[in-house]
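In: everything below, folded, please.
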Amino acid sequence: MVPGEAAAPPPPPGPGSPRGSAAAEAVAGRKQRAFARRKAFSLFVKAKEVPAAGRCPAGGEGVRWRCCRQAFEELPGIHRHVALQHAGDIGRQAGLTTDAGQQAGLPAKQAAAEASPPSGPLPVGDAGGLNGRSSCSTPEITCMLPDTSRVSYDDLTSKMGEVLLYYCYCEVKDPEKLCAWQKALCQHLHLTGKVRVASEGINGTVGGSKVATSLYIEVMLSQPLFKDILCQEDFKSSAGGAHCFPDLRVGVFKEIVPMGIDPKIVSYKETGIHLSPQEFHREVEQYLSQASQGQSDTILLDCRNFYESKIGHFQGCLAPDIRKFSYFPSYVDENLELFKDKRVLMYCTGGIRCERGSAYLRSKAVCREVYQLKGGIHKYLEEFPDGFYRGKLFVFDDRYAICSNEDIISGRTR
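Out: Numbering: from 1, shown residues only. Prediction:
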């Protein structure tokens, strides 16, 4: 070799070399396992088919598969179910356990991947920890899907339905698992909408038939993760359906409502005092009475964006000129003198922005007291449709707004 020259790379292993033989065997083994996995998956689905005599005699195929007391009319539906709930069965049927993979010389991570069902029908990536039986053994999150075998397809997918709005702050140890379960649940019930999952909780707005939304609430309330935290009244509903959203979007984020502040720095646990719609109504009534006489020490604060408050708001409110909620902390920082020694009544659409917003305001230690409307404008309008909130309620879906009274508001607030 000439001095200064780099050594030439060694030639690739030939077919007859030990390294070449091992690589070829590994590739052949992977192909064989993949084929066995696909075959086992297909046979399992085939075994769940409903005989032709048991299907709808006219007007379509009707129910084509049954499994775990659930009925499926479309192939993607039964594929999703089998991939989520029967990964262990598929692995055993194909003879592809993790131990077998490791005995074949595969690393533990690769062996686990080889033992999973075929990719494709899983709702979120590889469905995270939802695959296999062991994933459902943790008490924090169960993987249950509701039994829809007694519900007709027409009832489950009816366009006459509603839109649910809810959130739940709680500690989530495995957001990816919760995200995968949520996507599978919404697809199973033919729901559309948006669901945000984070280590601090869940925030969702979903639309579908009333049968589907009722089943969704029932399953959510039975989820051990939300036990003693989430209750029936935490779900706000309004007329709508799956058509109110273009699709279903479920994802894992740092915050369940994007304020732009680390939840560890400003926590939902430091929130303001919650007032029921009745209590909030009385407070607003007292505030308006005192304000008319120039004696009020209270600020009625709208936490929403300017385009929301522009079409509807509480009388006498202070509405920040912000385009999105992540600007709210800056607004507070720039107006600390305004809030000094004041009683603050906060409100937003469903209550979630007030949770973090009130916590941030309290962290500045300038207000005398901070209160927030529990359940937001949604819950207030259920009890006071002709109360102190005037105009329309802006919603983040294809409906654009919900009307509760005949007022038309397009002017600026104070």
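
In: which parts of the stretch 201-350 of the chain are helices?
Out: Under the criterion DSSP state H, counting those that start in this stretch, the stretch 201-350 of the chain contains helices at 210-222, 277-292, 306-309, 328-334, 336-339.

In: now the ones you listed in a markdown table, with distance to Y167?
Out: From N, CA and C alone the C-beta is placed, and that goes for glycine too. Formatted as a markdown table, the helices of the stretch 201-350 of the chain follow (distance: least, C-beta to C-beta, whole Å):
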| stretch | distance to Y167 |
| --- | --- |
| helix 210-222 | 11 |
| helix 277-292 | 17 |
| helix 306-309 | 17 |
| helix 328-334 | 17 |
| helix 336-339 | 25 |
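
In: which of the residues in the lengthiest helix in the chain are buried?
Out: As assigned by DSSP state H, the longest helix anywhere in the chain is helix 18-47. Neighbour-count burial for helix 18-47, counted by 16 or more other C-beta atoms under 10 Å, picks out 33, 36-37, 40-41, 44-45.

In: sorry, back to before: ok, which of the helices of the stretch 201-350 of the chain comes nearest T157?
Out: Minimum separation from T157 across the helices of the stretch 201-350 of the chain (C-beta to C-beta) falls at helix 210-222, 7.8 Å.

In: ok, back up a step: nearest to D321, out of the helices of the stretch 201-350 of the chain?
Out: Among the helices of the stretch 201-350 of the chain, the nearest to D321 by C-beta to C-beta is helix 306-309 (5.1 Å).

In: in the closest one, which residues are buried?
Out: Neighbour-count burial for helix 306-309, counted by 16+ other C-beta under 10 Å, picks out 306, 308-309.

In: which of the residues you listed sits closest to L288?
Out: Using C-beta to C-beta, the shortest approach to L288 within these belongs to S309, at 16.9 Å.

In: I'd say that closest one and A319 touch.
Out: Yes. Here S309 reaches A319: they are 3.8 Å apart, a contact under C-beta atoms under 8 Å.

In: quick one: pLDDT of the residue nearest to C67 when sequence neighbours are not counted?
Out: Closest residue in space to C67, ignoring its immediate chain neighbours: K48 at 4.5 Å, by C-beta to C-beta, 6 or more residues apart in numbering. K48 carries a pLDDT value of 81.

In: just S134 next, same as before
Out: For S134, the predicted pLDDT is 33.

In: please enumerate the strands of the stretch 251-400 of the chain.
Out: Residue ranges of the strands in the stretch 251-400 of the chain, as given by DSSP state E, counting those that start in this stretch, are 273-275, 298-302, 312-314, 343-347, 369-373, 389-394.

In: mind checking how far C244 is from P224?
Out: C244 sits 30 Å away from P224, going by C-beta to C-beta, to the nearest Å.

In: neighbour count for the two, which is higher?
Out: Between C244 and P224, C244 has the larger neighbour count (other C-beta atoms under 10 Å), namely 22 against 11.

In: my guess is the more buried one contacts Y400, does it?
Out: No. Contact criterion C-beta under 8 Å: C244 and Y400 do not qualify, at 10.0 Å.

In: what about the protein, any weak spots by pLDDT?
Out: Judged by pLDDT under 70, the chain has its weakly predicted residues at 1-23, 52-63, 69, 95-140, 405-414.

In: let's go with 80 and repeat that
Out: 1-31, 33-34, 37, 47, 50-63, 67-74, 77, 80-81, 83-143, 404-414 (pLDDT under 80).

In: which residues touch stretch 331-340?
Out: 299, 320, 322, 360-361, 364, 366-367 (C-beta atoms under 8 Å, 6 or more residues apart in numbering).

In: could you rerun that using 6 Å?
Out: 320, 322, 361, 366-367 (C-beta atoms under 6 Å, 6 or more residues apart in numbering).

In: from one end of it to the other, what's the distance?
Out: End-to-end span of stretch 331-340 (C-alpha to C-alpha, to the nearest Å): 14 Å.

In: could you tell me how far it lies from the centre of the chain?
Out: When distances are taken as C-alpha atoms, centre = their mean, to the nearest Å, stretch 331-340 is centred 33 Å away from the chain's centroid.

In: can you pull the buried residues of it?
Out: So stretch 331-340, judged by 16+ other C-beta under 10 Å, has buried residues 332, 339.

In: list the contacts of L230.
Out: L230 neighbours (C-beta under 6 Å, 6+ apart): C168.

In: correct me, but F280 touches Y371?
Out: No. Between F280 and Y371 there is no contact under C-beta atoms under 6 Å: 7.7 Å.

In: tell me which of the two has more neighbours.
Out: F280 (27 against 22).

In: leaving out sequence neighbours, find the closest residue to that one.
Out: For F280, ignoring the flanking residues on the chain, the nearest one in space by C-beta to C-beta, 6+ apart is L373 at 4.6 Å.

In: what about that neighbour, how many neighbours?
Out: The burial count for L373: 29, using other C-beta under 10 Å.

In: got it, and R399?
Out: R399: 17 neighbours (other C-beta under 10 Å).

In: cool, V344 as well?
Out: 23.

In: dump the residue contacts of it.
Out: By C-beta under 6 Å, 6+ apart, the contact list for V344 reads 299, 301, 367, 370.

In: if I look at it, how far off is S330?
Out: Separation of V344 from S330 (C-beta to C-beta) stands at 17 Å.

In: quick one, phi/psi of the residue nearest to C67?
Out: In terms of degrees, to the nearest 10, the main-chain angles of K48 are phi -90, psi 0.

In: what about the helices of the stretch 201-350 of the chain, which gets the closest to T142?
Out: Smallest distance to T142 across these (C-beta to C-beta): 8.1 Å, for helix 210-222.

In: who's in contact with that closest one?
Out: Contact partners of helix 210-222, identified using C-beta under 6 Å, 6+ apart, comprise 146, 151, 155-156, 161-162, 164, 189-191, 235.

In: please redo it, this time with the cut-off set to 8 Å
Out: So helix 210-222 is in contact with 144-146, 148, 151, 155-158, 160-162, 164, 166, 185-186, 189-191, 206-208, 226, 230-232, 235, 237, 242, going by C-beta under 8 Å, 6+ apart.

In: just the buried ones among these, please.
Out: 145-146, 148, 151, 156-158, 161-162, 164, 166, 185-186, 189-191, 206-208, 226, 230, 235, 237, 242.

In: got the contact list for V163?
Out: 193, 205-207, 237-241, 244, 395, 397, 399.

In: should've said G375
Out: Residues counted as contacts of G375 (C-beta under 8 Å, 6+ apart) are 233-234, 236, 277, 350-351.
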